[in-house]
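Peer 1: My questions concern the predicted model and sequence given below.
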Amino acid sequence: MSYWDLGKRPKNRPFRKADVMTYQAVSTLESLDKAIDKAIAADLGSYVAELEVPDEVERKANGKGHVDLYGTTPGQLLGYVVQLHSVGEKR
């Protein structure tokens, strides 16, 4: 879920469009290795989900392996999961 879906909002008011878009995005990573590294570094949990995201989902990549997804519901995200991976696989 996005921060926006969790009820979190940018601190500055009035909201700037760029801030709202950032809060409405779901943050993902392009590779399993990057996802596991991030999960370990930020203590995000014991598993990462591998997603297969349809081409029609709006996204913005930063060129460094990070991709924001826009307009997805929690149910849609769950439907994109193709496999779960233990963070311990890389330890």
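Peer 2: Noted; the coordinates are in hand. Residues are numbered from 1 along each chain as shown.
Peer 1: what bridges to the residue nearest the centre of the chain?
Peer 2: In the chain, the residue lying closest to the centroid (C-alpha atoms, centre = their mean) is S27, at 2.4 Å. On the basis of DSSP bridges, S27 is bridged to D68.
Peer 1: contacting residues for it?
Peer 2: Contact analysis of S27 by C-beta atoms under 8 Å, 6 or more residues apart in numbering lists H66, V67, D68. Using the backbone N, CA and C atoms, a C-beta is placed for each residue, glycine as well.
Peer 1: which of these are buried?
Peer 2: Among those, those scoring as buried are V67, D68 (criterion: 16 or more other C-beta atoms under 10 Å).
Peer 1: I'd say D68 and K60 touch.
Peer 2: Yes: proximity of D68 to K60 meets the contact threshold set by C-beta atoms under 8 Å, at 4.8 Å.
Peer 1: Kindly point out which residues are neighbours of both of these two.
Peer 2: Contacts common to D68 and K60, judged by C-beta under 8 Å, 6+ apart, are A25.
Peer 1: which stretches of the protein form strands?
Peer 2: Assigned by DSSP state E, the strands in the chain fall at 26-29, 47-51, 58-61, 66-70, 81-86.
Peer 1: Where does pLDDT dip in this structure?
Peer 2: 89-91 (pLDDT under 70).
Peer 1: quick one: the helices in it?
Peer 2: Remark: helices assigned in the chain by DSSP state H are 17-24, 32-41, 74-80.
Peer 1: Could you list every helix and strand in contact with the longest one?
Peer 2: So that's helix 32-41. Counting contacts by 3 or more C-beta pairs under 8 Å, 6 or more residues apart in numbering; DSSP states H and E, helix 32-41 is packed against strand 26-29, strand 47-51, strand 81-86.
Peer 1: Please repeat the previous calculation with a cut-off of 7 Å.
Peer 2: strand 47-51 (3 or more C-beta pairs under 7 Å, 6 or more residues apart in numbering; DSSP states H and E).
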